[in-house]
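[1] have a look at this prediction, sequence included:
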Amino acid sequence: MKPHKNKTFAALLAAILGGIGAHRFYLYGKTDRWAWLHVLLFPLSIFAGFIEALVIGLTPDDKWDGQHNQESGRKSNSGWLLILLLVLTFGGGATALIAAIARTFDLLFTGGAYG
C-alpha cells in the first residue's frame with residue numbers, strides 16, 4: 001500500500017519551497033526529472049512554484065486521488081486551510097511578480113537609481 005499524498009501539504013511545499021522542487025520530490029520521488037530541473041533553475045523556478053501551488057490546490061479531490069492516491073486506501077478531503085493557503089499564495093505570487101516587474105523597469109530606465 002502506498003502512502004497517502006496530502007494535497008494541502010503538496011500545495012504548501014510548492015508555495016514555500018517550489019523553487020527547489022520540494023513538492024515534486026514529495027509527489028514523485030528522487031527520480032523526477034522536473035524536480036531536478038527546479039533545483040538547477042532555482043531563481044527562475046520560484047514563480048513556477050507559485051503557479052504549481054495554485055494548480056495543485058485547485059485540482060478537485062477526486063482527480064487528485066486518481067492521480068496520486070489510487071493505492072493508498074484513503075480519500076482526500078480538502079478544507080478551509082487549503083483555500084486560505086491558495087489565497088495567500090496568489091497574493092504572494094502577485095506581489096513578487098509586481099516587485100520583479102518594478103525592479104526590471106528600474107534597472108532598464110534609471111540604471112538602478114532606486115536601489
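    Nice, thanks for sending it over.
[2] could you give the mean pLDDT of the top helix by length along the chain?
    Criterion DSSP state H: the longest helix present in the chain is helix 80-110. What helix 80-110 shows for mean pLDDT is 94.
[3] and that helix, what does it pack onto?
    Applying 3 or more CB pairs under 8 Å, 6 or more residues apart in numbering; DSSP states H and E, one finds that helix 80-110 contacts helix 7-17, helix 42-58. For the C-beta atoms, the positions are set from N, CA and C on the backbone; glycine is no exception.
[4] now do the same for the spatially most central residue of the chain: its pLDDT.
    Taking CA atoms, centre = their mean, the centroid of the chain lies closest to A14, which sits 2.6 Å from it. Note for A14: predicted pLDDT of 97.
[5] so it sits right up against A53, yeah?
    Yes - assessed by CB atoms under 8 Å, A14 is found in contact with A53 at 3.7 Å.
[6] for the closest residue in space to G93 that isn't next to it in sequence, give me its contacts.
    Leaving out its chain neighbours, the residue that sits closest to G93 by CB to CB, 6 or more residues apart in numbering is F50, at 3.4 Å. Neighbouring residues of F50 by CB atoms under 8 Å, 6 or more residues apart in numbering: 14-15, 18, 89-90, 92-93, 96.
[7] buried only: go through those for me.
    Among those, those buried by neighbour count (16 or more other CB atoms under 10 Å) are 14-15, 18, 89, 93.
[8] between these, which sits nearest G57?
    Nearest to G57 out of these is T89 (CB to CB; 7.3 Å).
[9] residues contacting that closest one?
    Neighbouring residues of T89 by CB under 8 Å, 6+ apart: 11, 15, 50, 53-54, 57.
[10] what of A100?
    A100 sits next to F47 when contact means CB under 8 Å, 6+ apart.
[11] ok, W80 to L86 distance?
    Using CB to CB, to the nearest Å, W80 is found at 10 Å from L86.
[12] okay, those two: which has more neighbours?
    L86 (19 against 7; other CB atoms under 10 Å).
[13] thought that one was touching V55?
    No - in this structure, L86 is not within contact of V55 by CB under 8 Å, at 10.3 Å.
[14] pretty sure L27 contacts W64?
    No - judged on CB under 8 Å, L27 makes no contact with W64 at a distance of 10.3 Å.
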